[in-house]
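**Student:** Return atomic coordinates for the entry below.
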Amino acid sequence: MSNQIHNLDSEGTTTRQENSTWNNILSIRSEKRFKSMELANNVFTDFIELHGDRYYGDDRAIVGGLAYLSNIPVTVICQYKGKDLADSKLRQYGMPLPEGYRKALRLMKQAEKFNRPIICFIDTPGAFPGINAEERGQAEAIARNLFEMSALGVPVISVVISEGGSGGALALGVANKVFMLEKAIYSVVSPEGCASILWRDSKKASLASEHLKLTAGDIYEAGIIDRVISEKGTFEQLCERLRSILQKEIIQLQKLSGMELKEARRNKFREIGNIRKLKEDVLRRVDA
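**Tutor:** Below you'll find the predicted structure:
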């Protein structure tokens, strides 16, 4: 293992300025980058926010409620980093607490009861790591979401907007369709966390980002997501593109029964890591 880590280290000849993956990560973390609620407010109409998990409290890092996607009633759940510094502090910079995940699950179960499709916007560096979160059952809350989402009888679509960090992102990511915006990342660990583990030096995050294969293109090639959504054009054009894609996908998914949706979702995640299927998919795309 030490030799493997040394080999990785010796490959790190690029600087942070030259590392396109790292520069992309810095750009999506920038305050200038649009946030999930900015997208939601432009993609959906008549949004009504619902609060609380009915157990402990209301976590502001997750914003959820009812809305319309064109003329389709949907439940929308967003991981939200905040619009400015003060707002970001209130929302733990988009890192949800256990009550946030339980609120999200409450809204998902409500959506299933009323046969509404669910759309999740993922944008988090990870679940909140504080001791208060652990005391209130952070791991259980995430695990419960994974378990319950796999069995929902309504269409579920998740879109990674910017950062998809670890289990904190996956807790909203067990969906029939998983998309990523062009510049988004999705990873089991942050580059800083990976560098701290491998080299005990978070300053090597740039090097770690190259080896993690966390870009939208990398994740798509690995067969983990279903589509990469282009960010070309203006913000308004992106919102229109996203609205159109979501609407078409929801209409197709609504043709399936609840049992078919559950089975398709479970099969989708069981196939992740299937090398034979991955090779077939790659060859099919090359032939096309």
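
**Student:** okay, CA-based contacts and neighbour counts for the rest of this
**Tutor:** Will do.

**Student:** Checking residue 203 next. Helix, strand or coil?
**Tutor:** helix (DSSP: H, G, I helix; E, B strand; the rest coil).

**Student:** can you count the residues close to it?
**Tutor:** 14 (other C-alpha atoms under 10 Å).

**Student:** Make 137 the first number, not 1, from now on.
**Tutor:** Happy to do that; since the first residue is 137 now, the last one works out to residue 339.

**Student:** which parts of the helix or strand harbouring residue 375 are buried?
**Tutor:** Here residue 375 sits within helix 371-389, counting by DSSP states H and E. Applying a neighbour-count criterion of 16 or more other C-alpha atoms under 10 Å, one finds 374, 375, 377, 378, 379, 382, 386, 389 buried in helix 371-389.

**Student:** Wait, the first one touches residue 381, no?
**Tutor:** No - between residue 374 and residue 381 there is no contact under C-alpha atoms under 8 Å: 10.6 Å.

**Student:** looking at this, residue 316 is in a strand?
**Tutor:** Yes - counting by three-state DSSP, residue 316 is found in a strand.

**Student:** Which residue, neighbours along the chain excluded, lies closest to it?
**Tutor:** residue 296 (4.6 Å; C-alpha to C-alpha, 6 or more residues apart in numbering).

**Student:** Which residue ranges of this protein form strands?
**Tutor:** For the chain, the strands defined by DSSP state E occupy 181-186, 198-205, 208-215, 254-260, 292-301, 313-317, 321-323, 363-365.

**Student:** Any chance of CSV for the ones you listed, columns mean pLDDT and distance to residue 395?
**Tutor:** Listed next are the strands of the chain as CSV, based on pLDDT from 0 to 100; distance: least, C-alpha to C-alpha, whole Å:
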stretch, mean pLDDT, distance to residue 395
strand 181-186, 96, 28
strand 198-205, 97, 24
strand 208-215, 97, 19
strand 254-260, 97, 16
strand 292-301, 95, 13
strand 313-317, 97, 16
strand 321-323, 93, 28
strand 363-365, 95, 24
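
**Student:** I am finished for the moment; much appreciated.
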